[in-house]
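Novice: Model the following, please.
(chains A, B, C and D)
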Number of protein chains: 4
Amino acid sequence: MNDNPKPGKNGFKFPEQSIKTRITDVKPNQLSTRGYNQEDLITNLSFAEMVFLLLRERLPDERESKIFNHILVSFCDHGVTPPSTQSARLIASSGAKINNSVAGGLLSFGKNHAGAIEKAMQLFQDTITSLNLEETDEDEVNKKIARAAIEIVEKYESESKRIPGFGHRYHSKDPRAVRLLDLAILESSIGPHTKLALVIESILSERKGIGLNVDGANAGLLSDLGFDSSLGLGIFMIGRLPGLVAHAYEEMEEEEKFRRFCDLENIVYEGFKNRNMDEK
Amino acid sequence: MNDNPKPGKNGFKFPEQSIKTRITDVKPNQLSTRGYNQEDLITNLSFAEMVFLLLRERLPDERESKIFNHILVSFCDHGVTPPSTQSARLIASSGAKINNSVAGGLLSFGKNHAGAIEKAMQLFQDTITSLNLEETDEDEVNKKIARAAIEIVEKYESESKRIPGFGHRYHSKDPRAVRLLDLAILESSIGPHTKLALVIESILSERKGIGLNVDGANAGLLSDLGFDSSLGLGIFMIGRLPGLVAHAYEEMEEEEKFRRFCDLENIVYEGFKNRNMDEK
Amino acid sequence: MNDNPKPGKNGFKFPEQSIKTRITDVKPNQLSTRGYNQEDLITNLSFAEMVFLLLRERLPDERESKIFNHILVSFCDHGVTPPSTQSARLIASSGAKINNSVAGGLLSFGKNHAGAIEKAMQLFQDTITSLNLEETDEDEVNKKIARAAIEIVEKYESESKRIPGFGHRYHSKDPRAVRLLDLAILESSIGPHTKLALVIESILSERKGIGLNVDGANAGLLSDLGFDSSLGLGIFMIGRLPGLVAHAYEEMEEEEKFRRFCDLENIVYEGFKNRNMDEK
Amino acid sequence: MNDNPKPGKNGFKFPEQSIKTRITDVKPNQLSTRGYNQEDLITNLSFAEMVFLLLRERLPDERESKIFNHILVSFCDHGVTPPSTQSARLIASSGAKINNSVAGGLLSFGKNHAGAIEKAMQLFQDTITSLNLEETDEDEVNKKIARAAIEIVEKYESESKRIPGFGHRYHSKDPRAVRLLDLAILESSIGPHTKLALVIESILSERKGIGLNVDGANAGLLSDLGFDSSLGLGIFMIGRLPGLVAHAYEEMEEEEKFRRFCDLENIVYEGFKNRNMDEK
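Specialist: Next up is the predicted model:
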């Protein structure tokens, strides 16, 4: 940035602007992302590995590549009912182009819908950080994690709050979470955050019959992969976008002129009635 | 749909609504997409293969899987300058959450920015369809394609229009297109649409020194994979979203309070001046 | 724009950019819009007059001001059912902030929902333009308009298409259109476009029992005010935004955690079932 | 809501849904908003009064109507530089339709851009509430307000934070704020919140030479009109949308193919370079 702002028109002077970036370097006939030639990336990386590189700024090793791929696939679609999918379909049925319908779907990733993944990541990460687990003694690690799990369950119970990442409107045992955790065990991808999630699950399962959902399972796994909680929503979106595109496309291919997700027989007017206006 | 609409409140009667879908079936503790159990999809598919399944409604074979993966990686990022990336960064710098910034990026995939991929797919698909290439004689096929290529180049030249999928603001030889086509040759994924694109390129290269860009290369390859042109923009978005997320995240991590992409010294006011109002 | 692009970094050279605008001139402590000091505008204009000035680039006279105000009020709200309102409410119930919910509502102004106003304006404007009505003989004008109206009705009937601006899902006589046209008569704001709309209505009313809706009435009135059809959607949005804000706000104030506009009992899965995957 | 959920398909049972609303009642050929017939509203209300009715659920009196109208006009446009306007123009230049461009503009109303109005309203409202001003003694009221103003200035100074609603990048004396407050004095619309804002301004003006901006002036005036702070952003959007529409339209009318707000000579790549990949 220039210390001596150049004189500007209209009486304004501003320093010269520049945008700094660390993602992709663009030169004539040359493109490199995070330092790697894009041609080599196209040749050698899977799509999931490219996503990993973009967000973690380095290539994943083989183990990381496998589990990160499972995570992205697990996010891809959950049918019509999520708010994001309903919004995308509703907007598509109004005749909007596919990018605008899908954009509307992304706007529905608000606190009540997609907020769980980042909250669960934050909970797991704050907890594990506070435990100072740099022992080599695995017994000691497991004990600390177990104690922390009990504390969390009791804290949330006392506040009548739900622990983010657990339970599901439709599934007592979210099949995606079950399979992700089985794969993580097989692939040696269970780290301290996922352990914590599993211990909390065993307690909740016994007390309330609820288990990890896909957000909770992935919150543990992504935390063990080193992703900051503030990237959770972004990763969820990347995984879910193919489903949104498929749903918007399905809606566009149908004949139905703008779908009404509810109609007047479901609407109850409870406001003022029959007020008189003074003529002006 | 019910033929006898049930009586409704407020004087309205509407038939009962239902939404039909062919994408994901949701049952308690069971999820299947395009007929396959999601647990099996999580275990066995790459993220690119899951995208293929969602959009083409079947699994890709090995050859298709490879080239489709290359295509998605090739779309991932082109630095700060695309309108979608600039929009996403600008909105992020206003303090918006990441899903809203990225949604704004998707809104910028208008005709002038992302329109090329579907136009190129449509051009290639309409042309190849019109050529009736069900001969086994490869020579005859190549001749027809060559003739069609010349016709296209001359038609667009006579109308002073640019052929979608060719040329690039920054690259005389788009490195992504070059590599994609090399890989397609290696992997036996050059079909009639991509052949057509290559022949057009050889003519344009000679006459004007311009070549295929990534949109044009992928338009040929996606057409050869059987994707309808109306899915081109959706596939581009799926590939580009990781880049948009990375850029929005980078903007959020910087301290810059809302970035001005231009400031008053670059704005020239050319409208009315010094008009007088009658007092009311 | 500079004819000799200055040398750039990274091997690129681009001419210096500037943005030209005719809307608002910004100087230190001075703001003027379409040539008028903003302080005078704040003091003297109604909100509707400010909208008129921004879009038509001049102040309205008293007659224009009245009818344009009626038009904006007529657009303000139609309850929960329009797709834009449903989208805004759905997104709001996911926990999104109000600007994002309302933005989602605007995305739903697609061809099937809000397209009617611009199509109706275009139809009326193309027709009136083609009639060359610069006679002073009002009888002749009325005859030409009547003939054109019959042609339009018969053309659309032969193509089994609906004339944009007529009919309504809920109202056989859209009360907003009825009142707008009564006021236009009282205020001498019936011009040739609105005349055309009224004649078409009298024919359709007799043949099919349907009348002008608010889009059709306003399409006539806005055309007579001199607005190009390409501004129809913009004016509709300006009028409808207060309603969208009220609905999003109402949704935010309710306790309902993300509203489902439809739930699983309304969803019928019709796609593939029980497909087997080869293990990879 | 039904206490006995009806049996559902697919193994799910959910109670019957209905949406309650207090905004607009829709019956065949009848529309009423906040209890008033829409025909009467169209006939009698100004657009600003309709906005007031929608958001405050009652009609404004004459004094309220005047000042609320001034407020809406004051928000209408500030040229090209606000992030919302830049986003709308950038998206428009990509070829997007006007509703999508303007929606993108609304997404840019993030914390750093439009957050000020609600923060200022909240600050003023919390302060005035805490002062318990139900005395009839105006002297006592003025003293309490003056003390509170000093406390606020000193609190923010000690925390090195800027008070929302004061100062402006371009204007040492925001002409819109100056005029709004003059009109408020003339129209007897200065209430305790606006008084507080004015006293803070006199202190800041003396100490730092900065004054109220349009957000701060309107925050005081809207608070005195009884609007909750959570409606501040909605009101700002309603006022600003006409400007966004005008800017998007101007961009659409120009020939410029997607505008670059910055180009490669302004971008500095600072990330990794020349990394080698192991071939896979």
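Novice: use CA for all of it now, contacts and neighbours both
Specialist: Fine.
Novice: I would like the residues contacting the least confident helix or strand in chain A by mean pLDDT, please.
Specialist: Least confident element among the helices and strands of chain A, by mean pLDDT, DSSP states H and E: strand A:267-269 (a mean of 75). The contact list for strand A:267-269 (C-alpha atoms under 8 Å, 6 or more residues apart in numbering or on different chains) reads C:80, D:18-25.
Novice: make it 6 Å
Specialist: Identification of contacts with strand A:267-269 by C-alpha atoms under 6 Å, 6 or more residues apart in numbering or on different chains yields D:18-22, D:25.
Novice: now swap in stretch A:169-180 and tell me
Specialist: By C-alpha under 6 Å, 6+ apart, stretch A:169-180 touches A:213-214, A:217, B:28-29, B:39.
Novice: The residue nearest to A:Asn274 when sequence neighbours are not counted: neighbouring residues, count only.
Specialist: Leaving aside its sequence neighbours, A:Asn274 sits nearest to D:Gly35 (C-alpha to C-alpha, 6 or more residues apart in numbering or on different chains; 5.3 Å). A count of neighbours around D:Gly35, defined by other C-alpha atoms under 10 Å in any protein chain shown, yields 20.
Novice: residue contacts, D:Gly35?
Specialist: Neighbour list for D:Gly35: A:272-275 [criterion: C-alpha under 6 Å, 6+ apart].
Novice: Tell me the one of these nearest C:Ala149?
Specialist: A:Asn274 (38.8 Å; C-alpha to C-alpha).
Novice: and that closest one, how many neighbours does it have?
Specialist: A:Asn274 has 11 neighbouring residues, counting by other C-alpha under 10 Å.
Novice: Please apply the same query to A:Gln30.
Specialist: 16.
Novice: ranges for the strands of the stretch 1-150 of chain A?
Specialist: Taking DSSP state E, counting those that start in this stretch as the criterion, the stretch 1-150 of chain A contains strands spanning A:19-21, A:24-27, A:30-33, A:36-37.
Novice: ok, which stretches of the stretch 1-150 of chain A are helices?
Specialist: Assigned by DSSP state H, counting those that start in this stretch, the stretch 1-150 of chain A shows helices spanning A:38-44, A:47-56, A:62-74, A:83-93, A:98-107, A:115-131, A:138-158.
Novice: Distance to B:Ile71 and mean pLDDT for the strands of the stretch 1-150 of chain A - can I get that in TSV?
Specialist: As requested, the strands of the stretch 1-150 of chain A are exported to TSV (distance: least, C-alpha to C-alpha, whole Å; pLDDT from 0 to 100):
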stretch	distance to B:Ile71	mean pLDDT
strand A:19-21	24	85
strand A:24-27	18	90
strand A:30-33	16	93
strand A:36-37	16	94
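Novice: Quick one: closest of those strands to chain B.
Specialist: Smallest distance to chain B across the strands of the stretch 1-150 of chain A (C-alpha to the nearest C-alpha): 4.8 Å, for strand A:24-27.
Novice: Buried ones only from the contacts of stretch A:169-180, please, as a PyMOL command.
Specialist: Remark: buried members of the contacts of stretch A:169-180, expressed as a PyMOL selection using 16 or more other C-alpha atoms under 10 Å in any protein chain shown:
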select buried, (chain A and resi 213+214+217) or (chain B and resi 39)
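Novice: In CSV: the contacts of stretch A:169-180, plus pLDDT.
Specialist: Shown next, in CSV, are the contacts of stretch A:169-180 (pLDDT from 0 to 100):
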residue, pLDDT
A:Asn213, 96
A:Val214, 96
A:Ala217, 98
B:Pro28, 89
B:Asn29, 92
B:Glu39, 96
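Novice: Just flag the most distant two among the contacts of stretch A:169-180.
Specialist: Comparing all pairs in the contacts of stretch A:169-180 by C-alpha to C-alpha, the longest separation belongs to A:Ala217 and B:Pro28, at 18.4 Å.
Novice: Residues of the stretch 51-200 of chain A that sit close to chain C?
Specialist: Applying C-alpha under 6 Å from any C-alpha of the partner chain, we find that the stretch 51-200 of chain A lies next to chain C at A:87, A:91, A:94-96, A:104, A:108, A:110-113.
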